[in-house]
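# compute the structure for the input listed below.
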Amino acid sequence: MTRKLAPVLLLLSCLSVSAQTIQHIVYIQMENRSFDELFGTLPGVQNYCRGGNSPKRCSNNQSTSCSTVGKHDVCGTGWCEPIQCTTPTGPECSVGDSCPQITTYVTGNGSHLYEQLGNQVYPDMPHDQRRFIMELANGAMNGWPKGAAALSYFISADIRYHYLLAMTYGLADNHFSALGGPSQPGHAMMFAASSHDSSDNPSTTLKGGPSPGEISGFLSSWGCGAHHFGPTLPYLYSGTLISTDPIDGTQYFGGTNVADRTKACTCRCPTGTKCGVSTFTLSGCRDTVNGGTCDINYSRGGTAGAPCPTITTLADEAEAHGVTWGYYSYSPKWNAAAQFQQIYFNKTRWNSHVRHDYQFDTDVSNCSANSCSLPQLVWLSPDNDSESEHPGLGTMAAGEAWLQNRLTPFFHNPYAYAHTVVFITWDDWGGPYDHVPPPQTDSLPSLGFRVPLICIGPYCKNRIIHTQFEFASVLHCMENVFSLPTLNSRDAGATDACKGTGTLTSNTDGMINLSQAPIPAIP
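Numbers count the residues shown, from 1 in each chain. Reported below is the predicted structural model:
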């Protein structure tokens with residue numbers, strides 16, 4: 001069900017029919033927030049009817065009912081999604097039921113969630129693969145520790161700018177992170193539609209320096225700047241990223257599987273078993289929980305799970321087809337371009353495409369029909385951790401201020417505004433509660449928990465979109481708009497975030513409609 005959102009004060013922009021062309025797509029990545037944490041109190045988003053009288057739905061089609069009543073009932077081969085409620089006593093619920101917004105741990109013991117404030121710094125929470133599996137609880141979504149900081153949420157008064165953007169333009173409430181894990185593989189998925197078998201932040205790699213070919217300021221243990229040695233490429237890295245193997249269940253599979261395996265600390269569960277919740281607590285490359293077997297060696301850049309792989313990114317495809325791209329971030333962790341060998345160690349490419357976040361302001365301000373240095377494909381994330389909205393590193397208010405600084409020049413340039421689509425998302429759920437179980441493939445989750453996806457631009461639909469999306473959905477939009485080939489099965493199979501299953505001018509399930517009256521820019 002879709003719902004027209006309330007209007008807000010807007011600044012009129014000069015737009016015309018001839019401006020209905022997407023020439024730039026900007027993909028902004030913030031840090032570590034779940035959908036319910038940020039937008040669980042927004043009317044119109046997915047919620048539960050409570051009282052026990054309402055059937056669940058097998059899909060976002062409100063005419064499709066499940067055969068039984070109850071939380072997370074299985075309907076055929078799929079999970080029952082919550083009914084989309086528009087008001088606390090909305091007509092979607094059966095008589096006798098209500099649909100309050102998400103401020104209660106609805107699948108646990110009914111304990112209340114804790115409202116957080118936008119100007120406060122709250123502790124970081126565990127959000128690795130192990131915690132994801134624990135919180136998922138085989139789809140019951142009741143594995144969050146009671147009374148923990150993870151059971152938290154914000155209201156619109158706490159994060160006014162986020163709500164302004166979502167209510168002026170469009171918000172997807174069925175958008176899942178690409179895998180049940182933290183930032184390093186998540187950022188890789190948003191750049192290459194693959195984490196190259198990495199499923200967690202690195203456990204044994206070391207921060208770089210001095211190492212051959214290193215880039216000052218980009219010496220993070222998460223990518224090519226990790227400590228490495230050797231005479232030529234591919235360099236050797238001591239330690240590894242935690243890898244995945246979907247075939248025998250040794251850890252959650254979050255990327256595109258490849259034939260080569262990690263040549264480093266690799267652990268496997270005992271033959272014939274699936275890894276449990278607490279698997280692979282690495283200590284000196286030992287499985288201290290399940291009794292699995294482990295081996296250790298050096299990882300060579302380019303092999304699965306090693307830092308600095310050589311897999312093809314969407315930036316590589318863009319260059320090969322004459323499409324310009326840029327990565328605006330000098331964060332050694334959040335800049336995914338620093339994870340890939342063919343970009344990091346090619347100084348000409350690096351210097352041509354990697355820029356500070358504030359350079360975006362200048363490039364979008366100066367963009368015109370005659371000259372535009374803003375690339376066609378843009379990845380953008382904060383230079384400074386304190387502005388990333390990552391718990392423990394800064395406040396939501398600081399992140400909103402950073403977003404407003406980046407977007408204000410965009411809103412004030414009629415030409416750039418008319419020709420650009422901006423997507424904002426968060427790289428993983430970060431630990432806070434979310435009530436919607438991710439889709440399942442066999443016995444393993446194929447996606448992580450939900451994170452918001454906001455569409456900003458004159459042709460974004462001003463409504464809540466219930467279509468199932470994931471990180472690769474934005475990449476698929478980039479590919480379709482600029483006629484680029486897909487990278488792998490992940491982006492090829494993801495629903496296009498822009499046009500859904502229709503076209504850019506006619507669709508019922510995408511976030512863009514080029515035939516609609518353009519939405520004026522925010523002042």
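# now residue 360, what's its secondary structure?
Assigned with DSSP: H, G, I helix; E, B strand; the rest coil, residue 360 falls in the helix class.
# tell me who's in contact with it.
Listed by CB atoms under 8 Å, 6 or more residues apart in numbering, the contact partners of residue 360 are 328, 374, 378, 380, 406, 409. From N, CA and C alone the C-beta is placed, and that goes for glycine too.
# inside helices: which ones of these?
Taking DSSP state H, the ones among these that sit in helices are 406, 409.
# of the contacts of residue 360, which is the most crowded?
Counting neighbours by other CB atoms under 10 Å, residue 328 comes out on top of the contacts of residue 360 with 27 neighbours.
# if I read this right, that one contacts residue 362, doesn't it?
No. Look at residue 328 against residue 362 with CB atoms under 8 Å: they stay out of range, at 10.5 Å.
# quick one, helices of the stretch 101-250 of the chain?
Secondary structure of the stretch 101-250 of the chain (DSSP state H, counting those that start in this stretch): helices at 129-136, 160-168, 183-192.
# ok and the longest one relative to helix 129-136, angle-wise?
Just to be clear, that refers to helix 183-192. 90 degrees (axes from the mean of the first three to the mean of the last three CA atoms, to 10 degrees).
# what mean pLDDT does helix 183-192 get?
The predicted model gives helix 183-192 an average pLDDT of 94.
# which elements pack onto it?
For helix 183-192, the packing partners by 3 or more CB pairs under 8 Å, 6 or more residues apart in numbering; DSSP states H and E come out as strand 24-30, helix 314-320, helix 471-481.
# which phi and psi does residue 331 have?
With angles defined as degrees, to the nearest 10, residue 331 sits at phi -80, psi 120.
# excluding covalently adjacent residues, which one is nearest to it?
Closest residue to residue 331 apart from its sequence neighbours, by CB to CB, 6 or more residues apart in numbering: residue 383 at 5.7 Å.
# low-confidence regions, the stretch 1-150 of the chain specifically.
Along the stretch 1-150 of the chain, the parts satisfying pLDDT under 70 run over 1-20, 47-112, 147-148.
# swap in 90 and give it another go.
The stretch 1-150 of the chain contains residues with pLDDT under 90 at 1-21, 40-115, 125-126, 128-150.
# how many residues are close by residue 184?
By other CB under 10 Å, 27 other residues sit near residue 184.
# for it, give me its contacts.
Here residue 184 is in contact with 195, 198, 200, 201, 202, 222, 223, 241, 333, 339 (criterion: CB under 8 Å, 6+ apart).
# out of these, who's the most crowded?
With neighbours taken as other CB under 10 Å, the top of the contacts of residue 184 is residue 241, carrying 35 neighbours.
# the residue nearest to residue 331 and residue 360: what is the separation?
11 Å (CB to CB, to the nearest Å).
# what residues are up against the residue lying closest to residue 366 once chain neighbours are set aside?
Distances taken as CB to CB, 6+ apart place residue 373 nearest to residue 366, at 6.5 Å, with adjacent residues excluded. Applying CB under 8 Å, 6+ apart to residue 373 gives the contacts 363, 366, 367.
# hang on, the last one packs against residue 415?
It refers to residue 367. Yes. Applying CB under 8 Å as the test, residue 367 and residue 415 come out as touching, 6.1 Å apart.
# between these two, which is the more surrounded one?
Shown here are residue 367 and residue 415; by other CB under 10 Å, residue 367 has more neighbours (22 against 18).
# where does the stretch 201-350 of the chain dip in pLDDT?
Ranges of the stretch 201-350 of the chain meeting pLDDT under 90: 201-210, 220-223, 226-311.
# quick one, domains of the chain?
In terms of domains, the chain is parsed into 30-41+156-181+311-493, 195-310 (source: automatic domain parsing).
# about what we covered before: for residue 446, state which of the contacts of residue 184 is nearest.
residue 195 (13.2 Å; CB to CB).
# quick one on the thing from earlier: redo the contacts of residue 360 as JSON lines? Include distance to residue 454.
Converted to JSON lines, these look like this (distance: CB to CB, whole Å):
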{"residue": "328", "distance to residue 454": "18"}
{"residue": "374", "distance to residue 454": "19"}
{"residue": "378", "distance to residue 454": "15"}
{"residue": "380", "distance to residue 454": "13"}
{"residue": "406", "distance to residue 454": "13"}
{"residue": "409", "distance to residue 454": "18"}
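# out of the contacts of residue 360, who's nearest residue 128?
residue 380 (25.6 Å).
# residues in contact with the closest one?
Applying CB under 8 Å, 6+ apart, we find residue 380 in contact with 26, 27, 28, 29, 327, 328, 329, 357, 360, 406.
# that one bridge partners, please.
Beta-bridge partners of residue 380, counted by DSSP bridges, are residue 28, residue 328.
# same deal with residue 456?
According to DSSP bridges, the residues that bridge with residue 456 are residue 422.
# contacts only, for the nearest residue to residue 385 once chain neighbours are set aside.
Excluding its sequence neighbours, the residue lying closest to residue 385 (CB to CB, 6+ apart) is residue 393, at 4.4 Å. Counting by CB under 8 Å, 6+ apart, residue 393 touches 31, 121, 124, 385, 386.
# can you give me the pLDDT of residue 393?
We have a pLDDT of 96 for residue 393.
# same check on the one 10 residues further on?
The model reports residue 403 with a pLDDT of 98.
# and the closest residue in space to it that isn't next to it in sequence, how many neighbours?
Among residues not flanking residue 403 along the chain, residue 161 sits closest, at 6.3 Å (CB to CB, 6+ apart). Neighbourhood size, residue 161 [other CB under 10 Å]: 17.
# look at the residue lying closest to residue 160 once chain neighbours are set aside and give its secondary structure.
Leaving aside its chain neighbours, residue 160 sits nearest to residue 400 (7.5 Å; criterion: CB to CB, 6+ apart). Following three-state DSSP, residue 400 is assigned to helix.
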